[in-house]
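In: Quick one: sequence and predicted model below, then my questions.
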There are 2 protein chains.
Amino acid sequence: MGVADVRAAAERLAGRVIRTPALRCEALDRLAGAEVWLKAENLQHVGAFKARGALNGLSLLDPAVRARGVITYSSGNHAQAVAYAARSFGVAATIAMPTDAPSVKVAGVRALGATIVFAGTTSDDRREAALALAEASGAVIIEPFDHPHTIAGQGTATLELCEQVAEATDGGRLDALIVPVGGGGLLAGACLVCADAGIPVYSAEPRSCDAFARSVEAGARVDVQPGPTLADGLKPVRIGALNWEIAGPAVAGVFRVDEPELGLALVRLLLGAKVLVEPSGAAALAVALRRGLPVQAAEPAEAEAEAGAAKSGAEPGTGTGATTRGPRIGVLLSGGNVAPELVAQLLGEHGGSL
Amino acid sequence: MGVADVRAAAERLAGRVIRTPALRCEALDRLAGAEVWLKAENLQHVGAFKARGALNGLSLLDPAVRARGVITYSSGNHAQAVAYAARSFGVAATIAMPTDAPSVKVAGVRALGATIVFAGTTSDDRREAALALAEASGAVIIEPFDHPHTIAGQGTATLELCEQVAEATDGGRLDALIVPVGGGGLLAGACLVCADAGIPVYSAEPRSCDAFARSVEAGARVDVQPGPTLADGLKPVRIGALNWEIAGPAVAGVFRVDEPELGLALVRLLLGAKVLVEPSGAAALAVALRRGLPVQAAEPAEAEAEAGAAKSGAEPGTGTGATTRGPRIGVLLSGGNVAPELVAQLLGEHGGSL
């Protein structure tokens, strides 16, 4: 796979997905010591980037096959995404979900008209349930992460972010991108785009479910026993095979974030950038807030430098000039489906922190 | 004044303000029985539309006058906006704020480098303080709402929303727009744009501070004694004179919203659309959620109807067709600066309501 697959997916998805905004927030920039670009996939259909991969997957099915309906397994956001994509194509969806899925995600799937089958608590448990359903019905499984169509679809979020940065900065580009990793769909898609663009990619995952970081350190894909974490979207037993093949050799570094960092990042995004993310969606910002990325601001492109000089010249002494900026860090906010009680609790714990 | 003033402001502000997204949310559409377009000015610089008017005001000052610094009076968001605009032009700002201004807004002003003078709790109190400061220093007052430059700047939010609706719907337009009203800057600007576009405008204000609704009903501008409300941004004693002149005869109807409606609308925006607004910023959505607007969906424009037919033809039987949609209602989300404790409290009261 390569960036061409992501570009093809982007053309296929035009008009079907939301071109979510790339948000900036001065308070977060100060905290991160960087120019932070937040790709707000919490504002995507169903509140998560997963809509991209699911819509790409269903788009690429033969219509006669698609008409039999689709099946998937997911802790939540991919479930809603497949339910949404199936409804938009007018076909049925059956979803295997964990028994401990957040009720907000279960309700979201039901509201979209899909059928839910509850199966265990691990990604292996629900995958087995989905395979049995597929065998019985002849319906196709839309893989949550380990499939080229899913990866290409998720990559379109990064492709858009790169375009948006270039549009807003007269041809500038990111100095680094931080991506939350569970099964690795978003990460693998990001790696395809960033390999082409020459942008280093860093992963972010909960310390208690660090399958990707352990795999990178071991030089081979390893399993973990997922521990408890607020980041219910980042709990697979292992990264996908294709995802590992793409992302393992491509990432510039891996980060493990602790639970309080997730909560604090969520609250800072809420109070600073005014957007609600789920804890999984805050993981990449948590890494940016550590100020630990080994990246510096690149020299600006010629057009960007000229534009920066022109803008800063409006009032002598007040412009910052394009050459003095901090590194430009992309942060993928993966989703925003979170229980209201948890948001209230985290505001109580971290509300004064911005 | 007319739409030409707003268009000129939009050209002047290009690159200085954020073209905030026009958000859609399926859950909110269902609740409102309409196609709701949320203009997310909570994602504007300083978290509120006020940045538009302040930047327009400072842009239009003679540079020698501007260099003396600027003064304003505000319950919060206009204060931050003038502080932001002054900093971006490299000049000083002094702000008269009420003694009961939310600490998040006071902190925001301080972080932007402005000087704060506390003065009473009403808009009259702080205006007097600002006039005294201006007399003593020779610095110009940037009016929070009752000034053509402020009104033209605020109008650019509505102008953008109309453009965004047209871009996203192949030339379609809003059937109605709902605007929160305090001093009337956002409302008057919206009326200038919507008079030109033929879109009916409705106002939304707290029942306890209903100066505009009372004025419309009396046929003349009247004062109120502002009662307590969560909507601290909508508490002026009266609408501005120029604002009244523009908006009084132009609005299609007025709405008073109750305090629980503000809280519920805030929570629904947070959990549904994934954005944080302040209670003032939720007032217009509260009106939309009543389903009480006397508007119907307009016949689609020719291009829009053709595009709708083409899209719905992708899968027989699944397209909704452009002619069957509900009314298309624009909702201005004016700002997002709110105390974390209040958000936590409202989530506790309304968290299960979406």
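Out: Here it is on my side, so go on.

In: A:Arg207 is in contact with A:Val254, correct?
Out: No. Applying CB atoms under 8 Å, one finds A:Val254 not in contact with A:Arg207, separated by 11.3 Å. No exception for glycine: its C-beta is placed from N, CA and C like everyone else's.

In: Settle it for me: which of those two has more neighbours?
Out: A:Val254 (19 against 15; other CB atoms under 10 Å in any protein chain shown).

In: Please point out which parts of the helix or strand in which A:Ala51 is found sit buried.
Out: Assigned by DSSP states H and E, A:Ala51 belongs to helix A:50-59. Buried residues in helix A:50-59, defined by neighbour count with 16 or more other CB atoms under 10 Å in any protein chain shown: A:Lys50, A:Ala51, A:Arg52, A:Gly53, A:Ala54, A:Leu55, A:Asn56, A:Gly57, A:Leu58, A:Ser59.

In: ok, the second one - contacts?
Out: When the contact criterion is CB atoms under 8 Å, 6 or more residues apart in numbering or on different chains, the partners of A:Ala51 are A:Val17, A:Gln44, A:His45, A:Ala81, A:Tyr84, A:Ala85.

In: What residue, apart from its backbone neighbours, is nearest A:Gly326 spatially?
Out: A:Ala34 (4.4 Å; CB to CB, 6 or more residues apart in numbering or on different chains).

In: Is it correct that the one you found is in contact with A:Val331?
Out: No. Taking contacts as CB under 8 Å, A:Ala34 lies outside contact range of A:Val331: 9.6 Å.

In: got any residues that touch both of those two?
Out: Common neighbours of A:Ala34 and A:Val331 (CB under 8 Å, 6+ apart) are A:Ala288.

In: More neighbours: these two, which one.
Out: Taking neighbours as other CB under 10 Å, A:Ala34 and A:Val331 compare with A:Val331 leading, 34 against 23.

In: correct me, but the more buried one touches A:Asn42?
Out: No. Judged on CB under 8 Å, A:Val331 makes no contact with A:Asn42 at a distance of 11.9 Å.

In: Relative to A:Asp170, which of the buried residues of helix A:50-59 is nearest.
Out: A:Asp170 has its nearest neighbour among these in A:Arg52, at 27.3 Å by CB to CB.

In: List the contacts of the closest one.
Out: A:Ala9, A:Leu13, A:Val17, A:Gln44, A:Ala81, A:Gly153, A:Gln154, A:Thr156, A:Ala157.

In: Near chain B, list only the ones from those residues.
Out: By CB under 8 Å from any CB of the partner chain, no member of those lies near chain B.

In: out of these, which is most surrounded?
Out: Going by other CB under 10 Å, A:Ala81 tops the contacts of A:Arg52 with 36 neighbours.

In: just checking, what packs against the longest helix along chain A?
Out: Longest helix of chain A, by residue count under DSSP state H: helix A:148-168. Under the contact criterion of 3 or more CB pairs under 8 Å, 6 or more residues apart in numbering or on different chains; DSSP states H and E, helix A:148-168 touches helix A:3-13, strand A:22-23, strand A:35-40, helix A:50-59, strand A:176-180, helix A:185-197, helix A:241-247, strand A:328-333.

In: Using CSV, lay out these together with mean pLDDT.
Out: Compiled in CSV, the helices and strands packed on helix A:148-168 are given as follows (pLDDT from 0 to 100):
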stretch, mean pLDDT
helix A:3-13, 98
strand A:22-23, 98
strand A:35-40, 98
helix A:50-59, 98
strand A:176-180, 98
helix A:185-197, 97
helix A:241-247, 98
strand A:328-333, 98
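
In: Out of those, flag the one nearest B:Ala96.
Out: strand A:22-23 (31.2 Å).

In: Give me the distance from the closest one to the chain's centre.
Out: 14 Å (CA atoms, centre = their mean, to the nearest Å).

In: Packing partners of the following helix or strand past that strand?
Out: Next helix or strand after strand A:22-23 toward the C-terminus (DSSP H and E): helix A:26-32. If you count contacts as 3+ CB pairs under 8 Å, 6+ apart, helix A:26-32 packs onto strand A:35-40, helix A:259-268, helix A:279-289.

In: Point to the helix or strand of chain A where mean pLDDT is at its lowest.
Out: helix A:302-312 (a mean of 60; mean pLDDT, DSSP states H and E).

In: Residue in the stretch 1-150 of chain A with the shortest distance to chain B?
Out: A:Gly90 (3.5 Å; CB to the nearest CB).

In: Tell me which of the helices and strands packed on helix A:148-168 lies nearest to B:Arg221.
Out: Using CB to CB, the nearest of the helices and strands packed on helix A:148-168 to B:Arg221 is strand A:22-23, at 38.6 Å.

In: Remind me what the closest one packs against, helices and strands.
Out: By 3+ CB pairs under 8 Å, 6+ apart, strand A:22-23 packs against strand A:35-40, helix A:148-168.
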